[in-house]
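Undergrad: Any chance you could fold what I've pasted below:
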Amino acid sequence: MSEYLSGHVRLGDDRTSVVILDQTLLPNEVKYLTLRTPEEMFEAIRLLRVRGAPAIGICAGYCLAALAEQRKALPPDQFRAQLHQLSQYLNSSRPTAVNLSWALTRLGRLAHSMPHADPPAIADALVEEAIAIHKEDIAMCRAISEYGLTLIKEGDGMLTHCNAGPLATSQYGTALGPLLLGTERGMKFRVFADETRPLLQGARLTSYELDKAGVDVTLICDNMASMVMKNGWVNACFVGCDRVAANGDAANKIGTSGVAILARHYGVPFYVLGPTSTIDLNCPTGEEIQIELRDPEEIRSKFYAQPMAPVGVKCYNPAFDVTDHTLISGIVTEKGICRPPYAQSLAALFH
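TA: As a prediction, the model looks like this:
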């Protein structure tokens, strides 16, 4: 596995900062950023310098722990008030990926469970909890990869959309995890990676990760997915997820639902892979998932030497869409593979 897999999101050595690999610069530049202020942390998540639901959760945990460490000399009441405000601020950076709020809530509950502890003790506990979240994610990714590997065989052709590899998580990844684990064991796969407009996570990140791992990867434009399925080159689709509703509807990068519709038409199994932390049983269906809308310039001018659309033309730029549960063959978690009916199989994971 590549050298960045365990260290692309980590707590700084001084425990008052967070170090991330700036994913917006890949694949052309490998640059690490040190985040110290709430504003730098917010900006890193908002601008996708760190991205992928599990990685965002890991980063958020480290950010809140680092900010607590910075403020441990404050009086207890002031420390707790600032901790709450900072958690809310970080949580507002991106609305769709549930891991962000999940990690911040987890640390907040821990602090709340220590009503008589002084700020240094709380800060220490938050650091340990953030490290625990990171370690748990590594174990989750390995388990998801093992379960996902049971769904495919040597020589299969795969299609994936966006990026759900090590960069989006901690190690192995979710959707790419079975492919990387299988490759480590000597298995061969043919992978088609959608470029994923408009931010090109498939082109910049997924093809980068698979190529570095020695996987046979072919980059395609998003509108070519139908052709490769029609040609019989795809045996299964693996995608990640940012939030899964209680009924199995799954939010993932924009374009995912289109892939699922095509897969249904061509009889290709479509699997969603993600940790149980992305499952939101408080969200009844995909209709209740808030979809983030992003800057129109990501469509009009980003990555172009000159704008590729008229100045001022209206743009609709949702970051995610929701794949209906009826299009999903299975949801792969670290606890096993859920099958329809998802309202029952997902709920069973938590009992």
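
Undergrad: now the strands: where do they sit in the stretch 51-200 of the chain?
TA: Taking DSSP state E, counting those that start in this stretch to define them, one finds strands in the stretch 51-200 of the chain at 157-160, 190-194.

Undergrad: Quick check: which of these is nearest to A132?
TA: Counting by C-beta to C-beta, A132 lies closest to strand 157-160 out of the strands of the stretch 51-200 of the chain; the figure is 29.1 Å. Where C-beta positions appear, they are placed from N, C-alpha and C, glycine not excepted.

Undergrad: Which residue, other than its chain neighbours, is closest to F42?
TA: By the measure of C-beta to C-beta, 6 or more residues apart in numbering, the closest residue to F42 outside its immediate chain neighbours is S93, 4.9 Å from it.

Undergrad: returning to that earlier point: could you save the strands of the stretch 51-200 of the chain as JSON lines and add columns showing mean pLDDT, distance to A348 and mean neighbour count?
TA: Supplementary listing: the strands of the stretch 51-200 of the chain in JSON lines, determined by pLDDT from 0 to 100; distance: least, C-beta to C-beta, whole Å; neighbours: other C-beta atoms under 10 Å:
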{"stretch": "strand 157-160", "mean pLDDT": "98", "distance to A348": "27", "mean neighbour count": "25"}
{"stretch": "strand 190-194", "mean pLDDT": "98", "distance to A348": "31", "mean neighbour count": "24"}
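
Undergrad: can you redo the ones you listed as CSV with distance to D295?
TA: Compiled in CSV, those are given as follows (distance: least, C-beta to C-beta, whole Å):
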stretch, distance to D295
strand 157-160, 25
strand 190-194, 21
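
Undergrad: and M229, which of these is closest to it?
TA: Comparing those by C-beta to C-beta, strand 157-160 comes nearest, at 7.2 Å.

Undergrad: Show me where the stretch 201-350 of the chain has its strands.
TA: Here the stretch 201-350 of the chain has its strands, by DSSP E, counting those that start in this stretch, at 216-220, 236-239, 243-245, 250-253, 270-273, 279-280, 320-323, 330-333, 336-338.

Undergrad: Same list (these) but as JSON lines, adding mean neighbour count.
TA: Supplementary listing: the strands of the stretch 201-350 of the chain in JSON lines, determined by neighbours: other C-beta atoms under 10 Å:
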{"stretch": "strand 216-220", "mean neighbour count": "17"}
{"stretch": "strand 236-239", "mean neighbour count": "26"}
{"stretch": "strand 243-245", "mean neighbour count": "28"}
{"stretch": "strand 250-253", "mean neighbour count": "29"}
{"stretch": "strand 270-273", "mean neighbour count": "26"}
{"stretch": "strand 279-280", "mean neighbour count": "22"}
{"stretch": "strand 320-323", "mean neighbour count": "22"}
{"stretch": "strand 330-333", "mean neighbour count": "26"}
{"stretch": "strand 336-338", "mean neighbour count": "18"}
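
Undergrad: Redo the ones you listed as JSON lines? Include mean pLDDT and distance to R197.
TA: Conversion of the strands of the stretch 201-350 of the chain to JSON lines gives the following (pLDDT from 0 to 100; distance: least, C-beta to C-beta, whole Å):
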{"stretch": "strand 216-220", "mean pLDDT": "98", "distance to R197": "12"}
{"stretch": "strand 236-239", "mean pLDDT": "98", "distance to R197": "16"}
{"stretch": "strand 243-245", "mean pLDDT": "97", "distance to R197": "21"}
{"stretch": "strand 250-253", "mean pLDDT": "97", "distance to R197": "10"}
{"stretch": "strand 270-273", "mean pLDDT": "98", "distance to R197": "20"}
{"stretch": "strand 279-280", "mean pLDDT": "96", "distance to R197": "27"}
{"stretch": "strand 320-323", "mean pLDDT": "98", "distance to R197": "13"}
{"stretch": "strand 330-333", "mean pLDDT": "98", "distance to R197": "25"}
{"stretch": "strand 336-338", "mean pLDDT": "98", "distance to R197": "30"}
